[in-house]
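Novice: Next one to model:
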Amino acid sequence: IVTMADDGGSSGVLRDEMKIPPPGDIRNCLLALADTEPLMERLFQHRFSSGSLKGHSFGNLFLAAMTEVVGDFELAVKESSKVLAVRGRVLPSTLDDVVLEAEFVDGSVICGESKIPKADRIIDKIRLKPVDAKPLKEAIEAINEADVITLGPGSLYTSIIPNLLVQDIAETIAKSKAKKIYVVNVMTQPGETTGYTASDHVEAIIKHSNPDVIQYVVLNNERVPEELLKKYIADGACQVECDSEKIRQMGYEVVEGAVINHTDVVRHSPEKLAEIIMGIIG
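Specialist: Numbers count the residues shown, from 1 in each chain. Predicted coordinates:
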């Protein structure tokens, strides 16, 4: 299974200082596949709240340090996988030094992953600079060998779509005989997908890539508890509307299910989501 999922809010400052790709995506993927103690996960996700390291994630710093030790970011990811006893492989889409740029419907343009949601404007399109970023050879090979390719869940414009903008990635997925599954977010993201329905998410993906990168669309059809929903609404987020019929009219198969975890935050349940994905595979 090849999965393209969410990032962890990587620090642009760290990236500029260390000259490494944004490590947030890699950090979260490593932890998702790691066979390690919960305390280690908390440690890697810890973000310093004061001092010269304020705002930095320990996991990002670990990857930066590993890069200096072994001399190469790709090798640093592989060695980190060993340290964390990762099951599977974590591969960056590209090792090129790229910047994410967003163009809004009002014609304005902003560069920088962390700056895009803060602009709080309606995104028309995003692009990578340079536009001809080269894909990692192993990433292309993994896509070609995959039986299943999943996209999401994760930040639509700053995590999911950027993978598809790397040269040859979307085309390789589109040509793949694998089952291609897009998992739509449960909640909208303020400043990025405000007011988006499920079909809006799908349309954004195919607008930036290829209609054939998706076959199945997984939607949560469970209502978020009212008290929890109020907290998200206060922050400018709302539950994504499941306009299933519109997605079916676009030519995709929709699979609905109750896939959220009942905790103090709205997240997909790994077990429930895995059950649905295995059902599609089966």
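
Novice: do you know how far Asn163 is from Ser108?
Specialist: For Asn163, the distance to Ser108 equals 25 Å [Cβ to Cβ, to the nearest Å]. In short, each C-beta sits where N, CA and C put it, glycine included.

Novice: Tell me the span between the first and last residue of stretch 169-183.
Specialist: Taking Cα to Cα, to the nearest Å, the first and last residues of stretch 169-183 lie 18 Å apart.

Novice: contacts for that stretch?
Specialist: When contacts are defined by Cβ atoms under 8 Å, 6 or more residues apart in numbering, stretch 169-183 is touched by residues 2, 93, 135, 139-140, 143-144, 146-153, 163-164, 201-202, 205, 209-218, 268, 273, 277, 280-281.

Novice: Would you indicate which residues of that stretch are buried?
Specialist: 169-173, 176, 178-183 (16 or more other Cβ atoms under 10 Å).

Novice: Among the contacts of stretch 169-183, name the buried ones.
Specialist: Taking 16+ other Cβ under 10 Å as the criterion, what is buried in the contacts of stretch 169-183 is 2, 93, 135, 139-140, 143, 146, 148-153, 163-164, 201-202, 205, 209-210, 213-214, 216-218, 268, 273, 277.

Novice: Just these: which are in strands?
Specialist: When DSSP state E defines the strands, the subset of these inside them is 2, 148-151, 216-218.

Novice: export those to CSV and tack on distance to Lys129?
Specialist: Output for those, formatted as CSV (distance: Cβ to Cβ, whole Å):
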residue, distance to Lys129
Val2, 25
Val148, 31
Ile149, 26
Thr150, 27
Leu151, 23
Tyr216, 32
Val217, 30
Val218, 32
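
Novice: Show me which pair in these is furthest apart.
Specialist: Val2 and Val217 (17.3 Å; Cβ to Cβ).

Novice: burial measure for the nearest residue to Thr193 once chain neighbours are set aside, as a count.
Specialist: Closest residue to Thr193 apart from its sequence neighbours, by Cβ to Cβ, 6 or more residues apart in numbering: Leu156 at 5.3 Å. Neighbours of Leu156 under the rule other Cβ atoms under 10 Å: 25.

Novice: One more: Asp120?
Specialist: 12.

Novice: residue contacts, it?
Specialist: Counted by Cβ under 8 Å, 6+ apart, Asp120 has contacts 190-191, 194.

Novice: Swap in 7 Å and give it another go.
Specialist: Counting by Cβ atoms under 7 Å, 6 or more residues apart in numbering, Asp120 makes contact with Gly191.

Novice: for the one 3 residues further on, same thing?
Specialist: Neighbour list for Ile123: 102, 104, 157, 192 [criterion: Cβ under 7 Å, 6+ apart].

Novice: let's go with 10 Å and repeat that
Specialist: 102-105, 110, 116-117, 156-158, 161, 191-194, 204 (Cβ atoms under 10 Å, 6 or more residues apart in numbering).

Novice: now the residue nearest to Phe104 when sequence neighbours are not counted: how far from Thr194?
Specialist: Spatial nearest neighbour of Phe104, excluding adjacent residues (Cβ to Cβ, 6+ apart): Arg121 at 4.2 Å. As judged by Cβ to Cβ, Arg121 and Thr194 stand 10 Å apart.
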